[in-house]
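Visitor: Just need the structure, nothing else, for what follows:
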Amino acid sequence: SFSTDRQTDVLEIDPRDGTVDWHYKSPGFYSPTSGSQQALPNGNVLITSTRGYRIFEVTRAGELVWEWQSPYQPVRAMRVPPDACPQLAQLRPEPRQSVARRPEDRHVDPDAYRFARQGSRMRAVVNGEKRAVLKQEKDCREMLLPAAPRISVGYGIDRDRFRATGAAGRESRPPEFSLVLSPATGGESELLRDRVGLDGEPWRQKTLPLDRYALQTVRICLEIRGGAPEGARREERFAYWEQPWITTGRGIAPTSDAGEADDDDLTPEEREVRRKHLKSLGYVG
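Guide: Just a heads-up that it's a prediction; the model follows:
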């Protein structure tokens, strides 16, 4: 559900009548594309959250048995018995040990805390540089934050358009940028308020810690006041918020928007993963 609650639902469907015999859904589990599941002999289900960078096993009651947080995007993991082949059968079994899970160890799939929605951003040239910016002057999102969260934002003006379209006296009233966070538990916190004019740097970058909101559902709003002449066309706009990134101190890299084939947002590794996915589906040779 890319545009609504950003959660993935694993369904077990009876093909005879289409009824859902079992399903699994939990906050923070969201792989908008890719992923797989395997019903195990012990009755549990092994789930690959490809875009979530993890593989985990759950009981039919929805209890998490174990999980592995991968440094890369895993694809279609499958459980095999220890004697599935002669080479495995000859290996000495490793002793098993229990690992206690702490609340702060909870994993939230990266796409669950991506700010952008499909179609909510655009390309713009700002001071000669191409940037992915938000389409609207005010944009709000509700999301579940990861452990050790932080938000990186870029914002500013295009100086030439600011001069060309600014009304008389606008230089003394430059556009104002604000970033406000509201936790689901109530209250509001203004994280940033800044004016950007012709004095100083026209484009600014900031990274703000969000540790006090770790593993909470929050609403984040970015707004520009006075970012374009009244009734102006899109090309006359001169103030922008760049697509913000929310990341975790756990070192999981942000991924590109699901459903948007934008190679500029993909790392070489992500492009290779996408190529392999398409090849496995028969779309490319």
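Visitor: all contacts plus neighbour counts: C-alpha atoms, from now on.
Guide: OK.
Visitor: and the longest helix for this protein?
Guide: helix 268-280 (DSSP state H).
Visitor: Okay, now the unreliable bits of this protein?
Guide: With pLDDT under 70 as the threshold, the chain has low-confidence stretches at 1-4, 118, 166-172, 229-235, 250-267, 270, 281-285.
Visitor: All the helices of it, in order from the start?
Guide: In chain order, the chain shows helices spanning 86-89, 159-165, 268-280, with DSSP H as the criterion.
Visitor: Could you single out the most deeply buried of those helices?
Guide: Mean neighbour counts were taken over those using mean count of other C-alpha atoms under 10 Å, and the top value, a mean of 16, falls to helix 159-165.
Visitor: what does that helix contact?
Guide: Where contact means C-alpha atoms under 8 Å, 6 or more residues apart in numbering, the residues beyond helix 159-165 that reach it are Asn127, Leu198, Pro202, Ala228, Pro229, Glu236, Arg237, Phe238.
Visitor: which stretch among the helices of the chain comes nearest Gln73?
Guide: helix 268-280 (8.0 Å; C-alpha to C-alpha).
Visitor: Tell me how many other residues surround Met122.
Guide: Met122 has 13 neighbours, counted by other C-alpha atoms under 10 Å.
Visitor: That one pairs with what?
Guide: On DSSP bridges, the residues paired with Met122 through beta bridges are Val133.
Visitor: Could you double-check that Ala89 sits in contact with Pro82?
Guide: Yes. With contact defined as C-alpha atoms under 8 Å, Ala89 counts as touching Pro82 (6.1 Å).
Visitor: Mind listing the shared neighbours of those two?
Guide: In contact with both Ala89 and Pro82: no residue, using C-alpha under 8 Å, 6+ apart.
Visitor: re earlier: could the contacts of helix 159-165 go into JSON lines alongside distance to Leu208 and neighbour count?
Guide: What follows is the contacts of helix 159-165, written out as JSON lines (distance: C-alpha to C-alpha, whole Å; neighbours: other C-alpha atoms under 10 Å):
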{"residue": "Asn127", "distance to Leu208": "24", "neighbour count": "16"}
{"residue": "Leu198", "distance to Leu208": "25", "neighbour count": "15"}
{"residue": "Pro202", "distance to Leu208": "19", "neighbour count": "17"}
{"residue": "Ala228", "distance to Leu208": "26", "neighbour count": "22"}
{"residue": "Pro229", "distance to Leu208": "30", "neighbour count": "15"}
{"residue": "Glu236", "distance to Leu208": "30", "neighbour count": "16"}
{"residue": "Arg237", "distance to Leu208": "26", "neighbour count": "20"}
{"residue": "Phe238", "distance to Leu208": "24", "neighbour count": "25"}
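Visitor: tell me which of the residues you listed is nearest to Pro174?
Guide: Comparing the contacts of helix 159-165 against Pro174 with C-alpha to C-alpha picks out Leu198 as the nearest, at 8.1 Å.
Visitor: how far away is Arg237 from Arg159?
Guide: Relative to Arg159, Arg237 is positioned 11 Å away (C-alpha to C-alpha, to the nearest Å).
Visitor: now Cys140
Guide: Distance of Cys140 to Arg159, computed by C-alpha to C-alpha: 26 Å.
Visitor: Number of residues surrounding Ser98?
Guide: The local packing count at Ser98 equals 6, with neighbours defined by other C-alpha under 10 Å.
Visitor: distance from the centroid: which residue in this structure tops it?
Guide: In the chain, counting by C-alpha atoms, centre = their mean, Gln90 sits farthest out from the average C-alpha position, at 42.2 Å.
Visitor: Might you report the residue contacts of it?
Guide: No residues are in contact with Gln90 under the rule C-alpha under 8 Å, 6+ apart.
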